[in-house]
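Asker: quick one, what's the 3D model for this:
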Amino acid sequence: MTSKKRPGLVDMGKNLYQSLTDVVEQFITDGSLMVEENEYEDRMAVCRECDSYDAKEHRCNECGCFLSVKGRLLAVYCPLYKWPGDALKAMQEGE
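Answerer: Just a heads-up that it's a prediction; the model follows:
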């Protein structure tokens, strides 16, 4: 399923930078890095149903990330706030 064109390289670079910043901050704060396997599977189930999912490359066309990596990292979230727990992250970003 794919209906959206992936962002350009500059935007993907910005997304990667933000994700890495969030991962490092999370790790420094409490030493955690990865989600449990069941949470990863829950995230991927959501992605597979999303119009922005590129099944051929296992990438998100919204942010351009490789989901086999992004989906496993605790500090990152779906750019559309679709993963379990992302609603809270969306609210925190709005603060």
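
Asker: contacts for the lengthiest helix in the chain, please.
Answerer: Longest helix in the chain by number of residues (criterion: DSSP state H): helix 9-30. For helix 9-30, the external contacting residues (CB atoms under 8 Å, 6 or more residues apart in numbering) are 6-7, 32-33, 63-65, 70, 73-76, 79. Glycine gets a C-beta too; all of them are placed from N, C-alpha and C.

Asker: swap the cut-off to 7 Å and go again
Answerer: Residues outside helix 9-30 that contact it (CB atoms under 7 Å, 6 or more residues apart in numbering): 32-33, 63-65, 70, 73-76.

Asker: farthest-separated two in the residues you listed?
Answerer: Of all pairs drawn from these, the greatest distance, 24.7 Å, lies between Ser32 and Gly64 (CB to CB).

Asker: one step back: could you point out the helix or strand that follows the longest helix of the chain?
Answerer: helix 37-48 (DSSP states H and E).

Asker: which of the residues in that following helix are buried?
Answerer: 39-40, 42-44, 46-47 (16 or more other CB atoms under 10 Å).

Asker: helices or strands up against it?
Answerer: Applying 3 or more CB pairs under 7 Å, 6 or more residues apart in numbering; DSSP states H and E, we find helix 37-48 packed against no helix or strand.

Asker: done for today, thanks.
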